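Asker: sequence first, predicted coordinates after that:
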Amino acid sequence: MAFIFHQSAETFRVEEIPLFPPCGRGDHLYFTVQKRDISTPHFLNVIRKAARLSEEEIGCAGYKDRDATTIQAISIPAKAERAAAKAIESLGARILSSALHTHKLRTGKLAGNRFVANLTGGGPHDAAALQSASTLAEEVGMANAFGPQRFADGSSIEQGRLLFLGRRSTGPFRKARFAISVFQAFIFNKVLAERKLQGFYPGPLDGDLMKKHETGGEFIASASDPQIPSRLASLEISPTGPMPGKKMAWPQGDALAFELNILKSLDISKERTEMTKVAGTRRFLRVPTGKIQIFQESPADVRLTFTLPPGSYATVLLEELGVKLSISERPSRHPSEESR
């Protein structure tokens, strides 16, 4: 397939789908903002300095890519409204709406993200190939890997490993937290890649910790359970992979042995993960894509629109569809510049 995704604010749009509406009262002000060519960490840092806030006082549901037009919600103390609004305006961003709420916006508290991606360079038969690949992705889901942008600053993996093991001081709150999450993402991707390589994707492996897509319910699966294959095939359930930490739930049986073997290759034991200060969690190894719509803009150009769950990467889906990626490598202001 010849389609290429040249990522920019003109070709890529991301819009958060809120998990809940602000209730209209409280000490926290939610801004829904539209911005271009501005990463979320830099955006929040400018607001924080202008309004003289601590990192902990500002909230967002997720980081959005710098090389895009993005719409997302942030929260600030209501008392900082004027200074924050002025800082947002200074960055060329727009406040689309504002409302009060009783608590700060927390990471991960969104229903998903809507994406629009413009592709170029297609040939006579590429639109049909893209449609075929999209139909397949709708049927079987996509591997829920972290995109390469997550690891753009290569030093973050080692920094995160040292922080995870408690061998380095934490430093700035958001930067330290993100470095640890980069290391967790590295482990998760390693588990996912190895499962693919050994033919255990999407599964099941005996002892897999399965999760229901609709309700989030978790259970340990037995490979001998006759219902598991059909539930996997219908995208009702998917196995999970590790984002290690002291509170993370573990699989059992063969799945546990598989994950522990990969952790051992990184000199990390199960006991050591339970000693870290990081909470940890499980992440779907696979997620449904929903409907992927394709609009033919010209013989060589198409526009894709699709929705993904929180934390899933548009660029990962595009690669699975066979699209070539062209993402700028300009220096980051912060190691958490990412596309998702």
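Answerer: Received it, and whenever you're ready, just let me know what you need. Numbering: from 1, shown residues only.

Asker: mind listing the strands for the stretch 1-150 of the chain?
Answerer: 4-6, 12-18, 28-36, 59-60, 69-77, 94-101, 110-119, 142-143 (DSSP state E, counting those that start in this stretch).

Asker: want to throw these into CSV with mean pLDDT and distance to residue 159?
Answerer: Glycine gets a C-beta too; all of them are placed from N, C-alpha and C. As requested, these are exported to CSV (pLDDT from 0 to 100; distance: least, C-beta to C-beta, whole Å):
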stretch, mean pLDDT, distance to residue 159
strand 4-6, 97, 29
strand 12-18, 97, 27
strand 28-36, 98, 27
strand 59-60, 96, 22
strand 69-77, 98, 26
strand 94-101, 98, 33
strand 110-119, 97, 27
strand 142-143, 98, 26
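
Asker: could you dump those to TSV with mean neighbour count?
Answerer: Shown next, in TSV, are the strands of the stretch 1-150 of the chain (neighbours: other C-beta atoms under 10 Å):
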stretch	mean neighbour count
strand 4-6	18
strand 12-18	19
strand 28-36	20
strand 59-60	20
strand 69-77	22
strand 94-101	15
strand 110-119	20
strand 142-143	21
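
Asker: possible to save these as TSV with distance to residue 310?
Answerer: Below are those laid out as TSV (distance: least, C-beta to C-beta, whole Å):
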stretch	distance to residue 310
strand 4-6	21
strand 12-18	9
strand 28-36	17
strand 59-60	12
strand 69-77	12
strand 94-101	19
strand 110-119	5
strand 142-143	14
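
Asker: who are the packing partners of the worst-scoring helix or strand of the chain on mean pLDDT?
Answerer: None of the helices or strands of the chain scores lower by mean pLDDT, DSSP states H and E than helix 155-164, at a mean of 85. Here helix 155-164 touches helix 173-197, going by 3 or more C-beta pairs under 8 Å, 6 or more residues apart in numbering; DSSP states H and E.

Asker: would you mark the buried spots in the helix it packs on?
Answerer: By 16 or more other C-beta atoms under 10 Å, the buried positions in helix 173-197 come out as 174-192, 194-195.

Asker: next, the angle helix 155-164 makes with that helix.
Answerer: 100 degrees (axes from the mean of the first three to the mean of the last three C-alpha atoms, to 10 degrees).

Asker: quick one: average pLDDT of helix 173-197?
Answerer: Mean pLDDT, helix 173-197: 90.

Asker: which helices and strands sit right next to that helix?
Answerer: Using 3+ C-beta pairs under 8 Å, 6+ apart, helix 173-197 sits against helix 40-51, helix 155-164, strand 237-243, helix 253-265.

Asker: swap the cut-off to 10 Å and go again
Answerer: Packed against helix 173-197 by the contact rule (3 or more C-beta pairs under 10 Å, 6 or more residues apart in numbering; DSSP states H and E) you find helix 40-51, strand 142-143, helix 155-164, strand 237-243, helix 253-265, strand 281-284.

Asker: how far does stretch 11-21 sit from the chain's center?
Answerer: In terms of C-alpha atoms, centre = their mean, to the nearest Å, the centre of stretch 11-21 is set 13 Å apart from its chain centre.

Asker: equivalent analysis for stretch 64-75, please.
Answerer: 13 Å.

Asker: what's around residue 87, how many residues?
Answerer: If you count neighbours by other C-beta atoms under 10 Å, residue 87 ends up with 20.

Asker: gap between it and residue 236?
Answerer: 45 Å (C-beta to C-beta, to the nearest Å).

Asker: count the residues that sit near the closest residue to residue 190 other than its chain neighbours.
Answerer: The shortest distance from residue 190 to any non-neighbouring residue, by C-beta to C-beta, 6 or more residues apart in numbering, is to residue 262 (5.7 Å). A count of neighbours around residue 262, defined by other C-beta under 10 Å, yields 17.

Asker: now swap in residue 241 and tell me
Answerer: Neighbours of residue 241 (other C-beta under 10 Å): 25.

Asker: surely it is in contact with residue 188?
Answerer: Yes. Between residue 241 and residue 188 there is a contact under C-beta atoms under 10 Å: 4.9 Å.

Asker: which residues are common contacts for these two?
Answerer: Residues touching both residue 241 and residue 188 (C-beta atoms under 10 Å, 6 or more residues apart in numbering): 144-145, 282-283, 285.

Asker: ok, now how distant is residue 68 from residue 309?
Answerer: Counting by C-beta to C-beta - residue 68 and residue 309 are separated by 18 Å.

Asker: looking at those two, which is more packed in?
Answerer: The neighbour count for residue 68 versus residue 309, taken as other C-beta under 10 Å, is higher for residue 68 (24 against 17).

Asker: return the residues in contact with the more buried one.
Answerer: Counted by C-beta under 10 Å, 6+ apart, residue 68 has contacts 7-14, 35-39, 115-117, 314, 339.
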